[in-house]
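1. Sequence plus predicted model, see below.
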Amino acid sequence: MNQEQMTAKIATGEGFIAALDQSGGSTPKALRGYGVEDGEWSGDDEMFAQIHKMRSRVITSPCFSSGKVIGAILFEKTMDGEVDGKSTADALKARGIVPFIKVDQGLADETDGVQLMKPLDKLPALLEKSVVNGMFGTKMRSVIKSANPAGIAAVVAQQFDVGNQIADAGLVPMIEPEYDITAEDRAEGEDILLAEIMKNLDALPEGRKVMLKLSIPVKEGLYTPAIEHPNVLRVVALSGGFSTDDACDRLAKNPGMIASFSRGLLQDLRKSQSDDEFDGALGKAIDQIQTASVAG
């Protein structure tokens, strides 16, 4: 797929984006969920080798190339690896799946009810490498924990500032100001978040495309104005800790949003499963998430 084909796939594809981007801090938990215990690996290299095996198994599963997965978000080490003797990005594109790369370096301590991204000192080099590797876009996460207007404004401003740097490098930024689904004031805070997002979208140069990755909102259809904004290529939803069933039920009530799930996609996969069992569990999740993504 060339750039034009990948853009069209993300803009109009009737599917969802798989989040396969667990990084250093979240990898042990992901491996345990898959059935790989801590004693089965020693050190980062072995840990990342184990998670790459899992991701390769997902990517090479026949159901993953069914057309229902239109994109996949990778961690840097996954991008650097190979699947089926090809670079991971090329292996995905051969299956009709658009590759994205996670670029943030983790979260700062909470201030004003939010966690900004830590300074992205490795960003220029990572963007350069990502372009060489044929990636289409990026993903970066901040977290909002309360309806603090100053904090929410700071999160969105940082996201769009970095997003413009990413767009300048020739990649499409996926802006992710995640709202903690356990926050008691989430409905109020999401109204503030939408206002800040719209303000920053309106300030983008004409023709510049970004993506948004957002928690499924309390108020159904809240993000429709962002979905319809001319500078937005696609709005995707994170599962945010909801079970697959709950996340899909909520997503289906928000037309125009598609899924970008990690836990919701991978939660029933186990290392011990036969290939048929693995493919069956993954295919069931893919079908369920794709159905919710195209509802409405």
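-> Here it is on my side, so go on.
2. going forward, measure contacts between C-alpha atoms and count neighbours the same way
-> Will do.
3. The helix or strand where residue 48 lies packs against which elements?
-> Assessed by DSSP states H and E, residue 48 sits inside helix 43-60. Judged by 3 or more CA pairs under 8 Å, 6 or more residues apart in numbering; DSSP states H and E, helix 43-60 is in contact with helix 27-34, strand 82-83.
4. For residue 76, find the nearest of those.
-> Nearest of these to residue 76, taken as CA to CA: strand 82-83 at 12.0 Å.
5. which residues sit against the closest one?
-> With contacts defined as CA atoms under 8 Å, 6 or more residues apart in numbering, strand 82-83 is touched by 56, 59, 60, 88, 91.
6. so the last one is in which element?
-> With elements taken from DSSP H and E, the one containing residue 91 is helix 88-94.
7. And the next helix or strand past that helix?
-> strand 98-102.
8. strand partners of that next one, parallel vs antiparallel please.
-> strand 69-74 (parallel), strand 137-144 (parallel) (DSSP bridges).
9. Give me the buried positions along the longest one.
-> In terms of neighbour count (16 or more other CA atoms under 10 Å), strand 137-144 has its buried residues at 137, 138, 139, 140, 141, 142, 143, 144.
10. Out of the helices and strands packed on helix 43-60, which gets the lowest mean score?
-> Among the helices and strands packed on helix 43-60, helix 27-34 carries the lowest mean pLDDT, a mean of 88.
11. Pull out the buried positions in it.
-> Within helix 27-34, the residues scored as buried using 16+ other CA under 10 Å are 27, 28, 30, 31, 33, 34.
12. got those residues as TSV, with distance to residue 239 columns?
-> Below are these laid out as TSV (distance: CA to CA, whole Å):
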residue	distance to residue 239
27	17
28	19
30	15
31	19
33	16
34	18
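13. wait, what's in contact with residue 90?
-> residue 134.
14. and the gap between it and residue 12?
-> Applying CA to CA, to the nearest Å, the value for residue 90 to residue 12 is 21 Å.
15. Please apply the same query to residue 100.
-> From residue 100 over to residue 12 the distance is 17 Å, taken as CA to CA.
16. Please apply the same query to residue 234.
-> Taking CA to CA, one finds residue 234 at 8 Å from residue 12.
17. more crowded one of the two?
-> residue 234 (22 against 11; other CA atoms under 10 Å).
18. Which stretches in this structure count as helices?
-> 3-12, 27-34, 43-60, 76-80, 88-94, 123-132, 149-168, 186-202, 224-227, 244-251, 263-266, 275-294 (DSSP state H).
19. what's in contact with the last one?
-> The set of residues external to helix 275-294 that reach it, using CA under 8 Å, 6+ apart, is 14-16, 58, 61-64, 68-69, 244, 248-249, 251-252, 255-259, 264-266, 268-270.
20. Could you give the number of residues near residue 135?
-> Residue 135: 26 neighbours (other CA under 10 Å).
21. From what I see, it and residue 97 are in contact.
-> No - applying CA atoms under 8 Å, one finds residue 135 not in contact with residue 97, separated by 10.9 Å.
22. How confident is the prediction for the nearest residue to residue 244 once chain neighbours are set aside, by pLDDT?
-> Setting aside the residues directly before and after it, residue 244 is nearest to residue 264 in space (CA to CA, 6 or more residues apart in numbering), at 4.4 Å. Residue 264 is assigned 83 on the pLDDT scale.
23. unless I'm mixing things up, residue 264 is touching residue 239, no?
-> Yes - counting by CA under 8 Å, residue 264 touches residue 239, with 6.5 Å between them.
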